[in-house]
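>>> curious how this folds, go ahead:
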Amino acid sequence: MQLHDVVDAVAGDGPPMARTVDDIVVAGRRAERRRLAGFASAGAAGLVVVAVAGAFLLPTLAAEQGTPVTPAPAGAAASGSGAVAWADAAPFTFTFKGYDAGALHVQDPIVTSTAYQIASVYSDGHTSNDKPVTTEEAKAQGSTLEQKKRASGGKPSLWAYLTVYRPGAFDPAGIKDGRNVTVAGRKAVQATLPTGLDPQKSPDLGNKLFAWEYADNAWAAVTSVSSDDATPTFDDLGGLVEGLKPSQPAPALVPFTVGYVPTGYVPLQTGTHALPGLSGIATARAGDYGGATYTKPAAPTSGLTAPYDQVEGAIKNGFHIFVTPSANSNQSPEPGTTKCHNASDRGVGDGGGPEDGGFCNVWSADGKVVVQVSTSGLGNGLPQSELEKIAKGITVADVNNVSTWTPAADALQP
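Alright, predicted model coming up:
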């Protein structure tokens, strides 16, 4: 699945659909839907969905794979920004909290990676499609933009998120057609992004990127995809600059631990109360529990101008783990069972080749939770037997009790 399919559906004419990125993406070209169910008893916990990983171009990576981040000294501050102390925190750590900036509202971050954290951004003047509606509600709203606006009080739609990069991870010079500006004494770059965030298309005035240096060699960037060309403005997005402050570092927690990972695969990104990566941001209020993405080899951690999901080839060989309520699935729960499929088994993909991947679902004994391990869209050759081994090695915590969850840095290592 291409990320611009997600963007077209989130910000396009169709109403928000029920569940998952794949559901939101129903207007897209390939509905790669596979929704989870529960995980079997201890040690065989599993459930999974198919994520949005991968083939998206937007700005390209300027660094070779495996290039390490050179962190700035703890407490470093951006030139002219005042003495704002940021901890030299490890990957998979949250280092800021949500805040308000006029009509824009940054939420607490829910996605981490080896190079950044991501939080949803909402607007008083817009409606976000990341809170799914039922199929019946979607049908009642109709399929035109005007009907959707009426259903949301006449507000245009907005999909926006703030990515806070680790020191050295972001390359402002790599922003295509970026314009250098200064906001609140900070170096910044702004650019208009292409339609559907598809690099083959022309710029769309409703798609904006605004990035600024929040500490020495450390950048944050807000991406805004709006059905209204005029709002939010670059001034509105620039209003986020002064509100971004460091908080006490907190590890990203996930509701599971892994028992087996194939040789050479390393964790790339996580979701806490969300799917990993931009899949989790697109469905931030869907009620999912958590997940992770692994790649082989490790993806670059410098030269970035966008999250990994937006960079072609950044997630091309790997697998996803998703832990979600079975109610979020388009598959009927099968309590206490494990089932694996090729992409073609459910009529998805182009024929079940390696590029279409496969997936294994493990349902909880009561059928209420499902773990899914999936390679769909990642173009690698992990056999079904390996996916099943990964899925059966996952132990799921009490999904309703965060105190039982594990820091990602520990949970994702067998």
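
>>> list the beta-bridge partners for His105.
Asp100, Tyr122 (DSSP bridges).

>>> surely it meets Tyr122?
Yes: using CB atoms under 8 Å, His105 is in contact with Tyr122, at 4.7 Å. Where you see a C-beta, it was placed from the backbone N, CA and C, and this is true even at glycine.

>>> how about the helices in the stretch 301-414 of the chain?
In order along the chain, the stretch 301-414 of the chain carries the following helices (DSSP state H, counting those that start in this stretch): 384-392, 408-411.

>>> which one, of these, ends up nearest to Leu253?
With CB to CB as the criterion, Leu253 lies closest to helix 408-411 of these, at 7.0 Å.

>>> which one's more surrounded, His105 and Tyr122?
Neighbours per residue (other CB atoms under 10 Å) separate His105 from Tyr122, with Tyr122 holding more: 19 against 16.

>>> so which of the helices of the stretch 301-414 of the chain is nearest Val241?
Val241 lies closest to helix 408-411 among the helices of the stretch 301-414 of the chain, at 28.4 Å (CB to CB).

>>> what packs against that closest one?
strand 253-254, strand 256-257, strand 266-272 (3 or more CB pairs under 8 Å, 6 or more residues apart in numbering; DSSP states H and E).

>>> let's see 7 Å
Helix 408-411 sits against strand 253-254, with contacts defined as 3 or more CB pairs under 7 Å, 6 or more residues apart in numbering; DSSP states H and E.

>>> how far off centre is the strand it packs on?
With CA atoms, centre = their mean, to the nearest Å as the basis, strand 253-254 stands 15 Å off its chain's centre.

>>> who touches it?
Residues from elsewhere that reach strand 253-254, judged by CB atoms under 7 Å, 6 or more residues apart in numbering: 270, 272, 290, 292, 402, 405-408, 411.

>>> what sits against Ile118?
With contact taken as CB under 7 Å, 6+ apart, Ile118 is in contact with 109, 111, 161-163, 281, 307.

>>> which of the helices or strands spans it?
In the assignment (DSSP states H and E), Ile118 maps to strand 116-123.

>>> CA atoms only for that strand, dumped as PDB, please.
Output in PDB follows, covering the C-alpha atoms of strand 116-123 (Å, rounded to 0.1, in the frame of the first residue of the first chain):
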ATOM      1  CA  TYR A 116      11.800  10.200  16.200                       C
ATOM      2  CA  GLN A 117       8.500  10.400  18.000                       C
ATOM      3  CA  ILE A 118       5.200  11.300  16.400                       C
ATOM      4  CA  ALA A 119       2.000  12.900  17.900                       C
ATOM      5  CA  SER A 120      -1.300  13.700  16.300                       C
ATOM      6  CA  VAL A 121      -2.300  17.300  15.800                       C
ATOM      7  CA  TYR A 122      -5.900  18.400  15.900                       C
ATOM      8  CA  SER A 123      -7.500  21.700  15.100                       C
END
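
>>> where do the strands sit along the stretch 101-250 of the chain?
Taking DSSP state E, counting those that start in this stretch as the test, the strands found in the stretch 101-250 of the chain are 104-106, 111-113, 116-123, 158-165, 179-183, 186-194, 203-215, 218-226, 250-251.

>>> give me whichever of these is most buried.
With neighbours defined by mean count of other CB atoms under 10 Å, none of the strands of the stretch 101-250 of the chain is more surrounded on average than strand 111-113, at a mean of 29.

>>> residue ranges in the stretch 151-300 of the chain under the pLDDT threshold?
Scanning the stretch 151-300 of the chain for pLDDT under 70 picks out 151-153.
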